[in-house]
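Chemist: Build the 3D model from these lines:
(one chain, ligands or ions: 3)
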Amino acid sequence: MSKTRTVALPKDLYRQAIVESFKKLDPRVMMKNPVMFVVEVGFVITLLLTFFPSLFGGESKPLFNGVVTFILFVTILFANFAESLAEGRGKAQAQSLKKTKQETKARRLAKDGTTQMVHSTELRKGDIVIVETGELIPSDGEIIEGVASVDESAITGESAPVIKEAGGDFSSVTGGTRVVSDQIRIRITSDPGESFLDRMISLVEGAKRQKTPNEIALNTLLVSLTLIFLIVCTTLLPIAGFVNAAIPVATLIALLVCLIPTTIGGLLSAIGIAGMDRVTQFNVIAMSGKAVEASGDINTIILDKTGTITHGNRMAAEFVTVGRAKLEVLNRVAAQSSRYDETPEGRSVIELAKKQGLSGEALDLPGSEGVEFRAETRMSGTNLADGTLIRKGAVDAIKKYVSEQGGSIPADLETKANAIAVAGGTPLAVVEGKTILGLIYLKDTVKPGMRERFDELRRMGIRTVMCTGDNPLTAATIAKEAGVDDFVAEAKPEDKIALIRKEQAEGKLVAMTGDGTNDAPALAQADVGLAMNSGTVAAKEAANMVDLDSDPTKIIEVVAIGKQLLMTRGALTTFSIANDVAKYFAIIPAMFMLAIPQMSALNIMNLATPQSAILSALLFNAIIIPLLIPLAMKGVKYTPMSASKLLSRNLVVYGLGGILVPFIGIKLIDMILAAFRLV
Ligand SMILES: Nc1ncnc2c1ncn2[C@@H]1O[C@H](COP(=O)(O)OP(=O)(O)OP(=O)(O)O)[C@@H](O)[C@H]1O
Ligand SMILES: [K+]
Ligand SMILES: [Mg+2]
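Modeler: Ligands and ions are numbered 1, 2, ... in the order given. A predicted model of the protein is given here:
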């Protein structure tokens, strides 16, 4: 359903990553990764020992020290390379986005109605500009007048132009996109340097990458482990002295580096960057790594109905009279109620009325004023010059409105409205004064493939709830057709937030997709808020993710990527720590054999010589990092299953694998070293 977007990778991606890995050797940079920083300090000490073998007293072999120095150096480079490679794709993408960011001229409207050509960088929030066919939209904004088709390929990669129109949920435009037909007036919504494109560039570039709480927690664990092993290794010195076994410093450093979690320490940030990057490849812009991670733990997804589960082009399809009302009267009043309603629904009502023979004069209403649609009132309408109030809106809202004025409810209103709702349509009641004249049938259809997607989410253990402002009958029909687990009808914006808060209070993580201004508060409240790029500016600003393809079901991919990210990190941490078992058996006997030959009984791996054992373990420790880069970047495979099942499966694969693989690897390296008489 959703496509991935591939960015042309520069041919010299690898060369650049290599250059970057050397630049990252700077201790000030290394310090941000304490585990690898310890390796760097060890490297400096063994380097000194290579040239001054008796620096710390006693005898040590300069050649052995030199080899250890070299392996440590390579270990650091491998870790830096992993991070640089992960960063490379984002940098390339930022480069191509920067090309899109052109400075343009804009036609700004002054207070007195004249226009003035200004530089796009001079535009500020609140400025009004006019953009015509063929011109670039100078900055982010909201259409306040007109309809246009806009080519957004510069941002979304999708070449088919999209229709943007004033009012409703499709009014936002992005700077850098091009108007391909018609003329629009835009109210600018961002100051220079803060546009969507600017934010996108800095995000993919990773300029503002912050460690997520999960990453910080794991990092703390890794640092603690490093400290523990640092203490263990330093206390080995006096213990060895006690049994008269002198342990060379380089050997001790080799042991330390083997035991501290260098594998996960070296790959940790690459895993995080690659996770964000995978989201971007799905054409979703995540404002933070935290949002991506949170999506991996989501329990509940809240979706709105119109435009998310249904196609969303709710169009007036029929006028249905109630009571003794005449169809022509209903036609006229319905159209008049929409005279100032700039939403797609409102426009479609006028179109239908005209199609059914209404003359344009009926909409000539001097002295009248419009009442905009609001999600709170669920009504819109027109106040005529003679004092007559015309309204249209959700049936229950209109009923309440009429009752409050002492009007009566036609007997057949209920059944006729229900008939529309049961078919999945939205009935809008039309009232003139206090007389309900009839209904407008707004038609909408469920998008194809919805049921399969919700089934998939259920297998992941995620509950789906449809939350709509529409009436319960329409909601029930659509909910059943789409296959969501639950639904809430007649929801006002505050009800959506309340629903999210309720789930969160039960300890659940909640994701929400939406596109409307009325969705914005809920998008902000949710742990993961995915806004549609087609949606309003308010929705996009409140959310922590924006889907450039405006496909609300994309949340499924985002959840899968988040889960994959968490799993990859868990799997590689398990693997990294399990590795230590084999390294103990390789190095500890070797160290003591050097002094106490009887200890050779401990050499259960039957390694050639003590030196070979130490170097093999250290080499394995280095080589495993680049070998795991592809896994860190691509992520471990995710198949929908319950969390506990996943956990036990991963423990077996990466825990057991983490113990066994180094036994085999170290033995193999030892055999190769021995065969070539290198040790
Ligand atoms: N232009 C309009 N004029 C009058 N009433 C409207 C208009 N648009 C929608 N309504 C009524 O208000 C109700 C709420 O509309 P709204 O678009 O806010 O729904 P929502 O909360 O976004 O939920 P969803 O998008 O899932 O339908 C609609 O079900 C409809 O009955
Ligand atoms: K290690
Ligand atoms: Mg909506």
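Chemist: which non-adjacent residue is nearest the residue of the chain found nearest ligand 3?
Modeler: Relative to ligand 3, the nearest point of the chain is residue 516 (4.0 Å; CB to the ion). Backbone N, C-alpha and C define where each C-beta goes, glycine included. Nearest in space to residue 516, with sequence neighbours left out and distances taken as CB to CB, 6 or more residues apart in numbering, is residue 169 at 4.7 Å.
Chemist: Can you give me every residue that contacts the spatially most central residue of the chain?
Modeler: The C-alpha lying nearest the average C-alpha coordinate of the chain belongs to residue 286 (CA atoms, centre = their mean; 3.7 Å). Residue 286 makes contact with 203, 276, 279-280, 292, 544-545, 558 under the criterion CB atoms under 8 Å, 6 or more residues apart in numbering.
Chemist: Kindly recompute the last result at 10 Å.
Modeler: By CB atoms under 10 Å, 6 or more residues apart in numbering, the contact list for residue 286 reads 203-204, 275-280, 292-293, 295, 528, 530, 543-546, 558, 561-562.
Chemist: So which other helices or strands are in contact with the helix or strand where residue 354 lies?
Modeler: Assessed by DSSP states H and E, residue 354 sits inside helix 344-355. Judged by 3 or more CB pairs under 10 Å, 6 or more residues apart in numbering; DSSP states H and E, the packing partners of helix 344-355 are strand 162-165, strand 315-321, helix 327-337, strand 369-374, strand 379-383, strand 389-394, strand 426-432, strand 435-443.
Chemist: Now do the shortest one, average pLDDT.
Modeler: Mean pLDDT, strand 162-165: 89.
Chemist: And for the fourth one?
Modeler: In this model, strand 369-374 has an average pLDDT of 93.
Chemist: Check whether it comes near ligand 1.
Modeler: Yes - legend: contact between strand 369-374 and ligand 1 by CB under 6 Å from any ligand atom is shown at residue 373.
Chemist: Enumerate residues external to that strand that contact any of its residues.
Modeler: 167-168, 337-343, 345-346, 377, 379-385, 389-393, 492-493, 517-518.
Chemist: and these, which are buried?
Modeler: 167-168, 337-343, 345-346, 377, 379-384, 389-393, 493, 517-518 (16 or more other CB atoms under 10 Å).
Chemist: Intersect those residues with the contacts of ligand 1.
Modeler: 341, 343, 345-346, 379-380, 392-393, 518.
Chemist: Flag the least confident of these.
Modeler: Within these, pLDDT is lowest for residue 518, at 82.
Chemist: looking at this, that one is in a helix?
Modeler: Yes - under DSSP: H, G, I helix; E, B strand; the rest coil, residue 518 sits within a helix.
Chemist: residue contacts, it?
Modeler: 169, 304, 374-376, 469, 491-494, 496, 536, 538-539.
Chemist: and what of residue 343?
Modeler: Contacts of residue 343 by CB under 10 Å, 6+ apart are 165-171, 314, 349, 372-373, 380.
Chemist: Just the mean pLDDT for stretch 619-634, thanks.
Modeler: 96.
Chemist: How about stretch 282-294?
Modeler: 89.
Chemist: now stretch 102-109
Modeler: Stretch 102-109 comes out at a mean pLDDT of 87.
Chemist: And that stretch, what's buried?
Modeler: Those would be 104, 106-109, for stretch 102-109 by 16+ other CB under 10 Å.
Chemist: Repeat that for stretch 35-44.
Modeler: Going by 16+ other CB under 10 Å, stretch 35-44 has these buried residues: 35-40, 42-43.
Chemist: Can you dump the C-alpha atoms of it in CSV for me?
Modeler: Coordinates of each C-alpha in stretch 35-44 appear next as CSV, following Å, rounded to 0.1, in the frame of the first residue of the first chain:
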residue,chain,number,x,y,z
VAL,A,35,32.7,2.5,26.1
MET,A,36,34.7,3.3,23.0
PHE,A,37,36.5,6.1,24.8
VAL,A,38,37.9,3.5,27.2
VAL,A,39,39.2,1.6,24.2
GLU,A,40,40.8,4.8,22.9
VAL,A,41,42.5,5.4,26.3
GLY,A,42,43.7,1.7,26.2
PHE,A,43,45.0,2.3,22.6
VAL,A,44,47.1,5.3,23.8
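Chemist: Spit out the contact partners of residue 276.
Modeler: Applying CB under 10 Å, 6+ apart, the residues contacting residue 276 are 86, 90, 203-204, 206, 209, 212, 284-286, 288-289, 291-293, 561, 565.
Chemist: likewise residue 237?
Modeler: Residue 237 sits next to 56, 246-247, 249, 252 when contact means CB under 10 Å, 6+ apart.
Chemist: ok, now residue 511?
Modeler: Here residue 511 is in contact with 291, 294-295, 297-303, 462, 464, 500, 523, 526-530, 545, 555, 558-559, 562 (CB under 10 Å, 6+ apart).
Chemist: which strand residues sit across from it in the sheet?
Modeler: Note on residue 511: beta-bridge partners by DSSP bridges are residue 301, residue 528.
Chemist: Drop anything exposed from the contacts of residue 518.
Modeler: 169, 304, 469, 491, 493, 496, 536, 538-539.
Chemist: I'd like these written out as TSV, with distance to ligand 2, pLDDT and secondary structure added.
Modeler: TSV is the format used below for the buried ones among the contacts of residue 518 (distance: CB to the ion, whole Å; pLDDT from 0 to 100; DSSP: H, G, I helix; E, B strand; the rest coil):
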residue	distance to ligand 2	pLDDT	secondary structure
169	52	78	helix
304	49	84	strand
469	56	89	coil
491	53	90	coil
493	52	84	helix
496	48	90	helix
536	50	87	coil
538	49	88	helix
539	46	90	helix
